[in-house]
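Asker: coords please:
(chains A and B)
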Amino acid sequence: SQTIHQWPATLVQPVGSPLSLECTVEGTSNPNLYWYRQAAGRGLQLLFYSVGIGQISSEVPQNLSASRPQDRQFILSSKKLLLSDSGFYLCAWSVVAKAFNEQFFGPGTRLTVL
Amino acid sequence: QKEVEQNSGPLSVPEGAIASLNCTYSDRGSQSFFWYRQYSGKSPELIMFIYSNGDKEDGRFTAQLNKASQYVSLLIRDSQPSDSATYLCAVSGGGADGLTFGKGTHLIIQP
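Answerer: All right, here's what the predicted structure looks like:
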């Protein structure tokens, strides 16, 4: 069965510091991968998605970036965090071959920027 | 811009009753529709999805879709206290695009 991992689980960072969040998927090959953010009162917002190694689509212009160095690894980064970057960061995967794009979420990383 | 609207609640339902959750969406090109359950502090869990007009049943859950009215609903029969959570409605335009989520409805099942 498929498993998705995210780390760290929680993170407290000062404004202006860098960020690196990692997501890995086990038990499937060539998944679609997604980064979402859930901020208080704003719902789940799609940040990036990837259909393959090195292929990244950005949905929201911001100071975040994403990379997919390996088939089942997705990384979210920032050079300088803002207060507004606080939130619950969720990685999700879906099966490329399936038509209806059911997405399954990892456990998430809760980020607080102070 | 694609939008998904849900009543934020809280929606309070007695144990054993039917809970009815509703969602409307703005993009007529939306292809598939999802319901997720999210417990406080946890990540969303997929309950079910639907892509054609009508009803789809899975255990105590029934999803209903009306594309003409751009309306999706989730019925939970024989509600249990463990069903208390926030329910997120999401839509997909097809392909590998990300999902557009509503802000969720907070459901409380009263014992």
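Asker: give me every residue that touches the residue sitting nearest the centre point of chain A.
Answerer: Among the residues of chain A, the one closest to the centroid is residue A:35, at 2.9 Å (Cα atoms, centre = their mean). By Cβ atoms under 8 Å, 6 or more residues apart in numbering or on different chains, the contact list for residue A:35 reads A:23, A:46, A:47, A:48, A:49, A:66, A:74, A:76, A:89, A:90, A:91. All C-beta atoms are positioned from the backbone trio N, CA, C, and that covers glycine.
Asker: For the last one, list the residues it contacts.
Answerer: Translated: residue A:91. Counted by Cβ under 8 Å, 6+ apart, residue A:91 has contacts A:4, A:6, A:21, A:23, A:33-36, A:74, A:76, A:105-106, A:108.
Asker: Nearest residue to whatever residue of chain B ends up closest to chain A in space, please, no chain neighbours.
Answerer: Nearest residue of chain B to chain A (Cβ to the nearest Cβ) works out as residue B:98 at 3.5 Å. Leaving aside its sequence neighbours, residue B:98 sits nearest to residue A:46 (Cβ to Cβ, 6 or more residues apart in numbering or on different chains; 3.5 Å).
Asker: What is the neighbour count of residue 81?
Answerer: As the question left the chain open, I've gone with chain A. 21 (other Cβ atoms under 10 Å in any protein chain shown).
Asker: That was the other one, I meant chain B.
Answerer: 10.
Asker: residues from chain B in reach of chain A?
Answerer: B:31-32, B:34, B:36, B:42-46, B:49, B:51, B:88, B:90, B:92, B:94-104 (Cβ under 8 Å from any Cβ of the partner chain).
Asker: picking that back up, for the residue nearest to residue B:98, give me its contacts.
Answerer: Residue A:46 touches A:34, A:35, A:36, A:59, A:60, B:98, B:99, B:100, counting by Cβ under 8 Å, 6+ apart.
Asker: Mind picking the lowest-pLDDT entry from those?
Answerer: Least confident of those in the model: residue A:60, at 79.
Asker: Okay, and residue 20 sits in which element?
Answerer: With no chain named, the answer covers chain A. Assigned by DSSP states H and E, residue A:20 falls within strand A:19-26.
Asker: You answered for a different chain; I wanted chain B.
Answerer: Residue B:20 belongs to strand B:19-25 when assigned by DSSP H and E.
Asker: Bridge partners for residue B:13, pull those for me.
Answerer: Legend: beta-bridge partners of residue B:13 under DSSP bridges are residue B:109.
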